[in-house]
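Colleague: okay, predicted coordinates and the sequence, questions at the end:
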Amino acid sequence: MTLLERVQALLPEMTYHEKLSLLGQITEDVHPGIEQTPGVCGGVACVAGTRIPVWALVGYKQLGASDAVLLQAYPTLDAENLAHVWAYYRFHRDEIDQQITENETDE
């Protein structure tokens, strides 16, 4: 029996609140439009299909860049990509802030 099959077998035994808690844990780790690939951009979170790191876009936003400015600067991105970036940042603020700090001090 696979791990997925074992989890599926347990679902009927779980209470509504246990299922809700499990769903929250699962969705917290799922970020459509964002991917992390070992060996690509140091393995940091990037916009899917690009080498544009989340930390760079968040950093520009923190410096005052609007979504319109970012979309002009990154013509391969669209508003949906930025929505994914901002959602990822909400769940991984410490990780992204640390990457911004590390890249500010790199020379």
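Modeller: Okay, I see it.
Colleague: what about Cys41, neighbour count?
Modeller: 16 (other C-beta atoms under 10 Å). From N, CA and C alone the C-beta is placed, and that goes for glycine too.
Colleague: quick one, strands of this structure?
Modeller: 34-35, 46-47 (DSSP state E).
Colleague: worst average pLDDT in those strands?
Modeller: Mean pLDDT across the strands of the chain is lowest at strand 34-35; the value there is a mean of 94.
Colleague: tell me the strands beside that strand, with direction?
Modeller: Applying DSSP bridges to the sheet, strand 34-35 is found paired with strand 46-47 (antiparallel).
Colleague: quick check: the gap between the nearest residue to Ile52 once chain neighbours are set aside and Ile96.
Modeller: Nearest non-adjacent residue to Ile52, counting by C-beta to C-beta, 6 or more residues apart in numbering: Cys46, 5.7 Å away. Distance, Cys46 to Ile96, using C-beta to C-beta, to the nearest Å: 12 Å.
Colleague: shared neighbours of those two, which are they?
Modeller: Val54 (C-beta atoms under 8 Å, 6 or more residues apart in numbering).
Colleague: centroid-wise, who is the farthest residue in the protein?
Modeller: Relative to the C-alpha centroid of the chain, counting by C-alpha atoms, centre = their mean, Glu13 is the outermost residue, at 31.7 Å.
Colleague: what's across from the nearest residue to Ala48 once chain neighbours are set aside in the sheet?
Modeller: Leaving out its chain neighbours, the residue that sits closest to Ala48 by C-beta to C-beta, 6+ apart is Glu35, at 4.7 Å. Per DSSP bridges, the residues bridged to Glu35 are Cys46.
Colleague: how many neighbours does Glu35 have?
Modeller: For Glu35, using other C-beta under 10 Å, the count is 13.
Colleague: what residues does the helix or strand bottoming out on mean pLDDT in the chain touch?
Modeller: Among the helices and strands of the chain, helix 16-28 carries the lowest confidence by mean pLDDT, DSSP states H and E, at a mean of 82. Identification of contacts with helix 16-28 by C-beta under 8 Å, 6+ apart yields 11, 14, 91.
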